[in-house]
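[1] sequence-free structure coming up:
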């Protein structure tokens, strides 16, 4: 057996002669300076200026076409001859990158950083370029790179001498509201399809309430004229809302019409392990054409969600999610007084609904599967109470801000809070659910949006995670 030596407590260790608290730091810094001087001397002696060091060097970028990344645009000299280099510069304040769809990309570039990439091997034609930092492409960071035999490389700064067209910015911003205003005045939605509608169960002979969910890929209109290939349950984004009561026996039947295997995870529902929906640990993948039943007895109130676990990184951002509400009305803080505001003991909200947040995949920045101006306006009368459940099925946090009316946060992930609290902005992280209550005390049109600004507005106006309350 090897001998074990006990460590000496710091208080018993003799202090080195002549030491002080900064001596070790000074020694390290001194050594670092010495090494740096040696390296500098070698570099000067060999005349090495780093010119052969790869795609980010000054020499290689001198003859490269200048491309500029900013909030939130890709500008510059994007018409180049075959084989040209692109000197990509991040002139913004956030991290950006540039992806050439199907062929190559820069690293993630911090503010002020640059990288030179080559178009070597790309045939003549057009290529989509974009930033793949979540939310940035949707906010406007997408453009077209054209490879043209007759083009010439321009190294000029594309922003030199340029000023924004402020009148056009005003016009675009105002115009972006008009389709939403038309929705409010006409009462008709401006896109096809609406998600999160409640689904009625089939009562099976054994007493279970059965909800059939068909997984399939189909077209979905996210905003007027923008139709995407969505991954859906029952053809909508979000999928149908399942509403049951404590004590109900519930059966969810998955019917898979997808081209790949899938499953359903009931996030926030207590159930037996075999129904947790994590292939291959708790079940086999449900393959195309097959069905699988998930069962549970609702033993407590819940504000839960359903979505695939298998291939979730693809399926969920592309639209495969929905809500499960179990006696959620019982979570309301009836009769409580919070920060001096008394909640009526007989409170009956005129509306209890879900708002599912997303920011990625084919759906992108959206509320309940729609991007402004296609988001649903919510109509109330003065004095109404309303309850909403935020769900974040995206990849980023979203601080949800409701103008004018404080939101009473009364439950988190379906668990009633012992101490509800008021907030005008509620920050919702991926996978979280927050339940809020508010009273529409003043008439008007009151905007409701994510307060990460590029999730709600871009150069051509409002978009994405924006809607409004219309209070009569």
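    Now that the structure is in, tell me what you want to look at. Since the model is a prediction, treat every value here as computed from it, not as a measurement. Numbering: from 1, shown residues only.

[2] if I pick residue 136, what's in contact with it?
    Going by C-beta atoms under 8 Å, 6 or more residues apart in numbering, residue 136 touches 72, 96, 130, 454. For every residue, glycine as well, the C-beta is placed using N, CA and C.

[3] Just the helices from this protein, written as ranges.
    23-46, 58-61, 166-186, 312-315 (DSSP state H).

[4] if we can go back for a sec, among the contacts of residue 136, which lie within strands?
    residue 130 (DSSP state E).

[5] quick one on the thing from earlier: which one of the helices of the chain has the poorest average confidence?
    Ranked by mean pLDDT, the helices of the chain bottom out at helix 23-46, with a mean of 39.

[6] packing partners for the longest strand seen in the chain?
    Ordering each strand of the chain by length in residues (DSSP E) puts strand 209-223 first. Strand 209-223 is packed against strand 202-203, strand 226-233, strand 249-256, with contacts defined by 3 or more C-beta pairs under 8 Å, 6 or more residues apart in numbering; DSSP states H and E.

[7] Sheet-wise, list the partners of the last one with their directions.
    Listed by DSSP bridges, the sheet partners of strand 249-256 and their directions read strand 209-223 (parallel), strand 291-297 (antiparallel).

[8] Give me the contact list for the last one.
    With C-beta under 8 Å, 6+ apart as the test, strand 291-297 has contacts from 208, 247-256, 263-264, 266, 269-272, 275, 277, 283, 286.

[9] mind redoing it with 6 Å?
    With C-beta atoms under 6 Å, 6 or more residues apart in numbering as the test, strand 291-297 has contacts from 249, 250, 251, 252, 253, 254, 255, 264, 269, 271, 275, 286.

[10] Which stretch among the strands paired with strand 249-256 is buried most, on average?
    By mean neighbour count, with neighbours taken as mean count of other C-beta atoms under 10 Å, strand 209-223 ranks first of the strands paired with strand 249-256 at a mean of 19.

[11] ok, residues contacting it?
    Under C-beta under 6 Å, 6+ apart, the answer for strand 209-223 is 191-192, 199, 201-202, 204, 227-228, 230-235, 237, 242, 248, 250-258, 262, 371, 374.

[12] Same check on stretch 340-353?
    In contact with stretch 340-353 (C-beta under 6 Å, 6+ apart) are residues 333, 334, 335, 336, 384, 385, 386, 387, 388.

[13] contacting residues around the first one?
    Read it as residue 333. By C-beta under 6 Å, 6+ apart, the neighbours of residue 333 are 343, 410, 420.

[14] any idea which helix or strand of the chain has the worst average confidence?
    helix 23-46 (a mean of 39; mean pLDDT, DSSP states H and E).

[15] what would the contacts of stretch 340-353 look like in CSV with pLDDT and distance to residue 176?
    Shown next, in CSV, are the contacts of stretch 340-353 (pLDDT from 0 to 100; distance: C-beta to C-beta, whole Å):
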residue, pLDDT, distance to residue 176
333, 98, 38
334, 98, 40
335, 98, 43
336, 98, 40
384, 99, 28
385, 99, 31
386, 99, 26
387, 99, 30
388, 99, 24
